Each structure stands twice: as C-alpha cells, then as structure tokens.
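Q: just to be clear, the model below is a prediction. Sequence and coordinates:
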Amino acid sequence: MKKVLYSIITVLFVTFSVNAQENKNVQKETVTKKVTVKDTKVDTKVVQEVKEDNEVVKVEGTTEEDQNSKVVTSKSDNTEKVVADNVSIDAGNAEKMQENMNRKSEELKASIAAQKAKAEKERQMLQEKKMEMQKKLEKRRMELESRPEGMSRLKKDD
C-alpha cells in the first residue's frame, strides 16, 4: 500500500513538473472621467475606461537551466463602464433663469408699448398735416373759383 501511494505521488510530481510553466503578468490602466453638464438639471456621469495588457511568459517544463522562454502579449480592447449617473435639479439656477425670462418679457412688453405710442404720435402728426393740406386746398379752390367782377364764371366742359 505504501509503495502504491508513493508511486502515485511520484507520477503526479513528475507529471506536473513536465508540463509547461507559465508566469502571468497583468497590467491594468484605469482612467476615471467625471463629466458634469449644468443647466437647470445637473447631469453628472462618472465613466471608467479600463485598458488591460496581459503578458504570459511560457517556459518548457524541463529541469534544465537557461531555457528558452516565450513571451505572449495580448491587449484587450478598452472597456468603458458607467460607474455613476446622477441627475439633479439646480433650484438656484432654475430660479435665475426664470427671473431672466420674466425680465426679458417685461422689457419686451415695455418696448412694444413704446413702439405703439410712437406710431400713434406719428399717425396724429400725419393726420394733422393732412387736415392742414385739406384746408389749404379748400382755400386755394375758393380763391380760384371766385372771379373778379365783370368776368364770367368758368364753365365745365362735358
């Protein structure tokens, strides 16, 4: 029984030592980006970008020294994952934007009222000029229609 157990242990030991040896080296590079967009809603997104390089050093499984080794390097694709995605409302900013909109609205209404007043004033001036011209025209017509004594009145041609 002892001999069988020792022989099994020896076979396993030899089997594992004959197989190739591997030494793995993994390099990870992680870049964390935080993007914040502000408006009335504050959108904060944290994204991690992971770049991973795997190096595997393979050596044949013999007991010799100074063996030839083979280095296999594999680069994985950049992977991005969203760590946090928060959306919050900025009340102060929303209030300021509402105040600006109200102020602009009031300025617009005041401007429209001023334009209407100016247009009404110009219309009144034009109306007065028109009335004055009508009076002058009427006066001129009366002067032309009145003839001195001894002259006959003008006759209209039909």
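A: Done, it's in. Residues are numbered from 1 along each chain as shown.
Q: quick one: Q115 is in a helix?
A: Yes: assignment of Q115 by DSSP: H, G, I helix; E, B strand; the rest coil places it within a helix.
Q: how many neighbours does N93 have?
A: By other C-beta atoms under 10 Å, 14 other residues sit near N93. C-beta here means a position set from N, CA and C on the backbone, and glycine is covered the same way.
Q: the strands in this protein, which residues?
A: Using DSSP state E, the strands found in the chain span residues 21-37, 41-59, 69-75, 79-89.
Q: list the contacts of stretch 78-92.
A: Here stretch 78-92 makes contact (C-beta atoms under 8 Å, 6 or more residues apart in numbering) with 32, 38-52.
Q: 10 Å instead?
A: Residues outside stretch 78-92 that contact it (C-beta atoms under 10 Å, 6 or more residues apart in numbering): 29, 31-52, 96-97.
Q: dump the residue contacts of the most centrally placed residue in the chain.
A: Nearest to the mean C-alpha position of the chain, by C-alpha atoms, centre = their mean, lies V37 at 8.0 Å. Applying C-beta under 10 Å, 6+ apart, we find V37 in contact with D43, T44, K45, V87.
Q: rerun at 7 Å
A: The neighbourhood of V37, defined by C-beta atoms under 7 Å, 6 or more residues apart in numbering, consists of D43.
Q: who's it bridged to?
A: Per DSSP bridges, the residues bridged to V37 are D43.
Q: per-residue confidence for it?
A: Turning to V37, the model gives it a pLDDT of 74.
Q: now do N102
A: At N102, pLDDT is 96.
Q: burial measure for it, as a count.
A: Residues lying near N102 (other C-beta under 10 Å) number 10.
Q: likewise for D90?
A: Per other C-beta under 10 Å, the neighbour tally for D90 reads 14.
Q: in contact with S146, which residues?
A: The contact partners of S146, taken as C-beta under 7 Å, 6+ apart, number zero.
Q: any idea how far it lies from E52?
A: Look at S146 and E52: by C-beta to C-beta, to the nearest Å, they are 112 Å apart.
Q: re earlier: tell me the most buried of the strands of the chain?
A: Mean neighbours per residue, mean count of other C-beta atoms under 10 Å, is largest over the strands of the chain for strand 41-59, with a mean of 14.
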